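**Student:** I would like the atomic coordinates for the input below:
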Amino acid sequence: LEKTEINIFVERTTPPHTDSENLLFLDGTKTCFQMFSQQVEVAAGSGQAKILVGVVEKFCGLLSQRQKRWMDIIGDEVKKSINYSHKCEENPEDITKEEESSGGLVEYLVAVANDQMKAADYAVAISQKYGAMVSKVHERTITMYIESTLDGFAEVAKCSTMGLITLMFDDLRSPYKEVFSKSWYSGNQAQQIADTLFEYLGDIREQMNPFVFSTLVESVVEESILRFIECLKYEHSFKAKHNKFLECMKRDFEVFYKLFIQFVPEEEKSIVDDKFKLMEFFMDFSCNPINSMIETWQQCLEVYWDCPVILLSAILRCRKDVDSSTTKQIVASAQQLSQDPHRVAQLKTMDLQPTFISRFHI
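**Tutor:** Numbers count the residues shown, from 1 in each chain. The predicted model follows:
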């Protein structure tokens, strides 16, 4: 079964199936759980709780192996697809048979993500049905084995959505390369990015489990902002005259904000607002007077506790009004604030999750 479903995923000769709700799926998961159900049914018929628990343990081990294989193959296929598309742009005549990548990877990744949600439902149903047939001790063991697979299904779903994000943003390399350059001030790069993301998200929303889609949208919001501010790596000087830089920043983030609120329910708009708070700090660091930098940095750390100091130094390098010795002083003070022992000790007691800006790198 594993060999067949992986081959189908790699070859992608036909589109995935569509269920009654128009969501995409592949055959493998349903077949896999039919086999699981048949085996536990036979084991339950033996009247021996230990046999039932043994079958659940064995099958959950096989499911974990299957999950790891899926993550490996998704990574390989995404990488292959990107290498293929780059080569098609640069040296199409040099492409070998082995380097060719089948189309339809986006739809297949959506199908795999959807399948993980169904798999989790199937697994929980087995746990509840057969756990109720045995003593509390054995029931706890069955629940433990099944729960260990649920994390794996979530990981495969995340791996699929990260694969989708990698493909989307690879498509957007050209407009992102121009952000903060001379052409950006009168250009429409943000609109190009937003239009492409709108197409992707519009198509995917129709075909993806709503829960997985909401996590995908949140990740796309984060990635859009991260990629945007990572354009600092090109070290284009900001045009501060007549507030030109600030005006263009406002223009772009209005474009992005209008895009994303179309894809989140009214009650979840705060998710987008929280991410966009970073852009307010970005604009403050980029445009406000130098003597307010440390105060702004302090405020930023209150919202994004793990914001890397490298972000601040990258912004200061692009400001024409800041020389290198001032940059060093400000960065050293910011570093001191971030690593303040009292602050670090306090953070350790709070069990905080990393914020998305912690992934910033240039």
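
**Student:** isn't residue 81 up against residue 167?
**Tutor:** Yes. Counting by CB atoms under 8 Å, residue 167 is a contact partner of residue 81 at 6.6 Å. Using the backbone N, CA and C atoms, a C-beta is placed for each residue, glycine as well.

**Student:** quick one: which of these two has more around it?
**Tutor:** Each of residue 81 and residue 167 has its neighbours counted (other CB atoms under 10 Å); residue 81 has more, 21 against 17.

**Student:** what pLDDT does the closest residue to the more buried one other than its chain neighbours get?
**Tutor:** Spatially, and ignoring its direct neighbours in sequence, residue 81 is nearest to residue 101 (4.5 Å; CB to CB, 6 or more residues apart in numbering). For residue 101, the model assigns a pLDDT of 87.

**Student:** who's in contact with residue 101?
**Tutor:** Residues near residue 101 by CB atoms under 8 Å, 6 or more residues apart in numbering: 77, 80-81, 83-85.

**Student:** only the buried members of the residues you listed: can you turn that into a PyMOL selection?
**Tutor:** Under the burial definition 16 or more other CB atoms under 10 Å, those of the contacts of residue 101 that qualify are selected in PyMOL by:
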select buried, resi 77+80+81
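
**Student:** return the member of the contacts of residue 101 nearest to residue 217.
**Tutor:** Residue 217 has its nearest neighbour among those in residue 81, at 21.9 Å by CB to CB.

**Student:** next, count neighbours for the residue nearest to residue 262 when sequence neighbours are not counted.
**Tutor:** Of all residues not flanking residue 262 in the chain, residue 198 sits nearest, at 7.6 Å (CB to CB, 6+ apart). Using other CB under 10 Å, the number of residues around residue 198 comes to 15.

**Student:** what's the distance between residue 198 and residue 31?
**Tutor:** Distance of residue 198 to residue 31, computed by CB to CB, to the nearest Å: 36 Å.

**Student:** and residue 192, how many neighbours?
**Tutor:** Neighbour number of residue 192 under other CB under 10 Å is 16.

**Student:** now do the same contact list for it.
**Tutor:** By CB under 8 Å, 6+ apart, the contact set of residue 192 is 172, 175.

**Student:** which pLDDT value goes with it?
**Tutor:** On the pLDDT scale, residue 192 gets 97.

**Student:** just to revisit the earlier point, and the contacts of residue 101, which of them are in helices?
**Tutor:** 77, 80-81, 83-85 (DSSP state H).

**Student:** assumed the residue nearest to residue 262 was part of a helix.
**Tutor:** Yes. The assignment for residue 198 (DSSP: H, G, I helix; E, B strand; the rest coil) places it in a helix.

**Student:** am I right that it is in contact with residue 260?
**Tutor:** No. Residue 198 is beyond contact range of residue 260, at 9.7 Å (criterion: CB under 8 Å).

**Student:** show me where pLDDT drops low in the chain?
**Tutor:** For the chain, applying pLDDT under 70 flags no range at all.

**Student:** in a helix, residue 330, correct?
**Tutor:** Yes. Residue 330: assigned to a helix according to three-state DSSP.

**Student:** tell me the contacts of the nearest residue to residue 184 once chain neighbours are set aside?
**Tutor:** The shortest distance from residue 184 to any non-neighbouring residue, by CB to CB, 6+ apart, is to residue 178 (5.4 Å). Going by CB under 8 Å, 6+ apart, residue 178 touches 184, 187, 189.

**Student:** what is the burial count for the last one?
**Tutor:** By other CB under 10 Å, 23 other residues sit near residue 189.
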